[in-house]
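# take this sequence and fold it.
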Amino acid sequence: MFQAIIVSAVLVMTGVVYVAIRSADYYVNRTAWTNQQLRAISELAVAANRYSEQIAEVLLIGAPERADFESARAALEASFAKLAQLSREEIAFVLQTAEEQQREQLELERLRRMRALYDDINRSAARLFALRDLGRQDEAVMLFRREIENRLDAEFEDLIAAAVADETAEVEKADREAAEVTRRLMVLLAASSLMAIAASMVAGYLLHRSLARPIAQLTRGAIAIGRGDLEHRIGYGRRDELGLLATRFDDMAARIREQQGQLLAARSNLEEQVRERTEALEAANRRLLELDHLRVQFLADISHELRTPLTVLRGEAEVTLRGSSRPETIYRETLARIANQAEDMARLVDDLLFLARAETDTIQFERVRLDLRELLDETLLDVEVLSTVKRVKIETSTCRAPLIVDGDRHRLKQALMIVLDNAVKYSEIRGIVTVDLRAEGNRAELVVRNRGTGIAPEDRPYIFDRFYRGRGISPNEPAGTGLGLPIAKWMVEKHGGTIGLTSTEGITEVRIRLPVCA
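Numbering: from 1, shown residues only. Sure, this is the predicted structure:
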């Protein structure tokens, strides 16, 4: 009931305001149309006077004034067109009562008479220009005074004055009507406002009476439950919105009491989970500390490895430059050793830069369809130089059918080069490295085996971790930076493949699997 009363009052007020706005808008626009017509009539009067003056100047001066005459005539015709357009638009806008229709028809008739008078004057001007051109100046002057000057002063100005008077009366009438409508609307608005206020007060009083008692009961129940008295019940039995709320409130208190026991049980379970998670976090923290230690160790190794070649470079240069001039061969040997050291340092820096770019995922891949067998043969040719130095024999076994993969030739070759280089580097002298490439379902599998010192059991879980170097490497074996296998693993996984390593009884096996194109 309260909502219905308020909505009805709002609708009534909205209707009154809407009618007021529409009425005010109509009379404002009506006044604007009338003012525009007054300005247009004034412009027409000015253009007519200028037109008459230009006819007289052409009559007196001659051809030099013809351009101004044409301009004045064009301005007068534009004024006629503007006034006619405004009259048509006003007819379409105003309320079509009988009185309004009669008044607008009078305006149109007056405009037609002014237009007809202008046409007569225009024809008279043509005749007097012809008389002047024939040398009959006196007749032309008499014609100007009789047909143009007198008619403009009499008929045209009378029509202008009548039009101005009608428009002025129309403005005054519109103002009076607007004032009367405004007065009536103000009375209606005041009455509607009083009725709406009275209805709202009555509705508010009735609403307060219906809400005060149940709200007080709900408030007491909320205070009791807030103190922890979960046995308290409101007991408001009416079947309305507040009765439903009271029932829900009592149900809530019962559920809270039931959930309180569940929470106590869940608390003990949560404490157990927290203990387990704490132990897991402690284990992860220990792992992080171990990795941080490995990182520090790696940075120390890198610093040492960079310091050693730099010291050698400096020593070679100082020894060569010290003392008197030496033969050219000595300088060449020194420069060759410096170049070798610089190449090793550049390789180390390249690996570090590659890892940094891999971390930010800014390395671009140029993927093409390529035969993995041809890529392996190409890589083996490069590794052959390393195997010859260490007198290691490489035995290969590949399938006959093409193994087409979608990948970056340079990156895949780099990954294969790392695996084969490690196999040759850590093989025993005059050892054998076997390379087996075959198809396994929808994947190509490459297996590289070598015999050497193998990998210590404690190093195997971390062999693919970045910055990790095995602690079981013999001092006589070549030292690395711990970056090769992580780089190879990253490249293989970027191509959708997998890489794994096993080492038992001195035999180390690396297995790479890549998806084959259909």
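
# which residues of the stretch 101-250 of the chain score low on pLDDT?
For the stretch 101-250 of the chain, applying pLDDT under 70 flags the ranges 101, 151-154, 230, 233-238, 242.

# any idea how far Ile256 lies from Gly484?
Between Ile256 and Gly484 the distance is 63 Å, computed by CB to CB, to the nearest Å. C-beta: built from backbone N, CA, C; applies to glycine.

# okay, these two: which has more neighbours?
Neighbour totals were compared for Ile256 and Gly484, and Gly484 leads with 18 against 12 (other CB atoms under 10 Å).

# gap between Val510 and Val433?
11 Å.

# just to be sure, Gln36 is in a strand?
No. Under DSSP: H, G, I helix; E, B strand; the rest coil, Gln36 sits outside any strand and is assigned helix.

# got the contact list for the residue nearest to it when sequence neighbours are not counted?
Spatially, and ignoring its direct neighbours in sequence, Gln36 is nearest to Leu86 (5.6 Å; CB to CB, 6 or more residues apart in numbering). When contacts are counted by CB atoms under 8 Å, 6 or more residues apart in numbering, Leu86 touches 33, 36-37, 40.

# where is pLDDT lowest across these?
Of all these, Trp33 carries the smallest pLDDT score, 70.

# quick check: that residue touching Arg88?
No. Between Trp33 and Arg88 there is no contact under CB atoms under 8 Å: 11.1 Å.

# tell me which of those two has more neighbours.
The neighbour comparison of Trp33 against Arg88 (other CB under 10 Å) goes to Trp33, with 20 against 12.

# what's the spacing between that one and Leu111?
Trp33 is 15 Å from Leu111, by CB to CB.

# again, but for Thr508
110 Å.

# these two: which has the busier surroundings?
Between Thr508 and Leu111, counted using other CB under 10 Å, the more crowded position is Thr508 (22 against 19).

# which neighbouring elements make contact with the helix or strand encompassing the more buried one?
In the assignment (DSSP states H and E), Thr508 maps to strand 507-515. Counting by 3 or more CB pairs under 8 Å, 6 or more residues apart in numbering; DSSP states H and E, the packing neighbours recorded for strand 507-515 are strand 404-408, helix 409-425, strand 443-451, strand 498-504.

# now do the contacts for the closest residue to Ala84 other than its chain neighbours.
The shortest distance from Ala84 to any non-neighbouring residue, by CB to CB, 6+ apart, is to Leu111 (6.1 Å). The contact partners of Leu111, taken as CB under 8 Å, 6+ apart, are 80, 83-84, 87, 163.

# that older thread, any of the contacts of Leu86 buried? List them.
Buried subset of the contacts of Leu86 (neighbour count, 16 or more other CB atoms under 10 Å): 33, 36-37, 40.

# of the residues you listed, closest to Glu167?
Gln37 (5.3 Å; CB to CB).

# assumed Glu458 was part of a strand.
No. Counting by three-state DSSP, Glu458 is not part of a strand but coil.

# and for it, the neighbour number?
A count of neighbours around Glu458, defined by other CB under 10 Å, yields 10.

# where does the residue nearest to Gln36 fall, secondary structure wise?
Using DSSP H and E, Leu86 falls in helix 66-93.

# and that helix, what's buried?
69, 72-73, 75-76, 79-80, 82-83, 86-87, 90-91.

# chain center to it, what's the gap?
53 Å (CA atoms, centre = their mean, to the nearest Å).

# one more: stretch 364-383?
With CA atoms, centre = their mean as the basis, stretch 364-383 stands 42 Å off its chain's centre.

# send the alpha carbons of it over as PDB?
Only the C-alpha atoms of stretch 364-383 are listed here, as PDB (Å, rounded to 0.1, in the frame of the first residue of the first chain):
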ATOM      1  CA  GLN A 364      62.400 -16.100 -31.800                       C
ATOM      2  CA  PHE A 365      62.100 -19.400 -33.600                       C
ATOM      3  CA  GLU A 366      62.100 -19.700 -37.400                       C
ATOM      4  CA  ARG A 367      60.200 -23.000 -37.800                       C
ATOM      5  CA  VAL A 368      60.400 -25.000 -41.100                       C
ATOM      6  CA  ARG A 369      59.800 -28.600 -42.000                       C
ATOM      7  CA  LEU A 370      63.100 -30.400 -42.000                       C
ATOM      8  CA  ASP A 371      64.400 -33.900 -42.100                       C
ATOM      9  CA  LEU A 372      65.900 -34.900 -38.700                       C
ATOM     10  CA  ARG A 373      68.300 -37.400 -40.400                       C
ATOM     11  CA  GLU A 374      69.900 -34.600 -42.600                       C
ATOM     12  CA  LEU A 375      70.200 -32.400 -39.600                       C
ATOM     13  CA  LEU A 376      71.900 -35.200 -37.600                       C
ATOM     14  CA  ASP A 377      74.400 -35.900 -40.400                       C
ATOM     15  CA  GLU A 378      75.200 -32.200 -40.600                       C
ATOM     16  CA  THR A 379      75.800 -32.000 -36.800                       C
ATOM     17  CA  LEU A 380      78.000 -35.200 -36.900                       C
ATOM     18  CA  LEU A 381      80.300 -33.500 -39.400                       C
ATOM     19  CA  ASP A 382      80.900 -30.600 -37.000                       C
ATOM     20  CA  VAL A 383      81.400 -33.000 -34.000                       C
END
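
# which residues touch that stretch?
Outside stretch 364-383, the residues that reach it (CB under 8 Å, 6+ apart) are 394, 396, 398-399, 402-413, 416-417, 420-421, 424, 435, 437, 444, 446, 494, 514, 517.

# go again with 7 Å.
Here stretch 364-383 makes contact (CB atoms under 7 Å, 6 or more residues apart in numbering) with 394, 396, 398, 402-409, 411-413, 416-417, 420-421, 424, 437, 444, 494, 514, 517.

# pairing partners for the strand holding Thr508, with directions?
strand 443-451 (antiparallel), strand 498-504 (antiparallel) (DSSP bridges).

# need the winner for burial among those strands.
Counting by mean count of other CB atoms under 10 Å, strand 443-451 has the highest mean neighbour count of the strands paired with strand 507-515, with a mean of 20.

# list the contacts of Thr498.
By CB under 7 Å, 6+ apart, the contact list for Thr498 reads 492, 513.

# that one bridge partners, please.
Under the criterion used (DSSP bridges), Thr498 bridges to Arg513.

# okay, it: pLDDT?
94.

# now it: how far from Ala162?
103 Å.

# sorry, back to before: now, of the contacts of stretch 364-383, which are buried?
So, by 16+ other CB under 10 Å, the buried ones in the contacts of stretch 364-383 are 394, 403, 405, 407-408, 411-413, 416-417, 420-421, 424, 437, 444, 494, 514.

# mind giving me the domain ranges of this protein?
As given by automatic domain parsing, the domain ranges for the chain are 2-200, 365-515.

# pLDDT score for Pro64?
Looking at Pro64, its pLDDT reads 75.

# that's a strand at it, yeah?
No. Applying three-state DSSP, one finds Pro64 to be helix, outside a strand.

# quick revisit: in JSON lines: the strands paired with strand 507-515, plus distance to Arg184.
JSON lines is the format used below for these (distance: least, CB to CB, whole Å):
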{"stretch": "strand 443-451", "distance to Arg184": "92"}
{"stretch": "strand 498-504", "distance to Arg184": "90"}
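
# what's the burial count for Met13?
Neighbours of Met13 using other CB under 10 Å come to 15.

# that one and Glu282, how far apart?
71 Å.

# ramachandran angles for Glu428?
phi -70, psi 160 (degrees, to the nearest 10).

# can you map out the helices along this structure?
Secondary structure of the chain, counting by DSSP state H: helices at 2-61, 66-93, 98-133, 137-143, 150-151, 157-226, 241-321, 328-360, 372-390, 409-425, 484-494.

# can you lay out the ones you listed as TSV showing distance to Gly452?
Output for those, formatted as TSV (distance: least, CB to CB, whole Å):
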stretch	distance to Gly452
helix 2-61	90
helix 66-93	103
helix 98-133	113
helix 137-143	130
helix 150-151	127
helix 157-226	76
helix 241-321	21
helix 328-360	22
helix 372-390	11
helix 409-425	9
helix 484-494	15
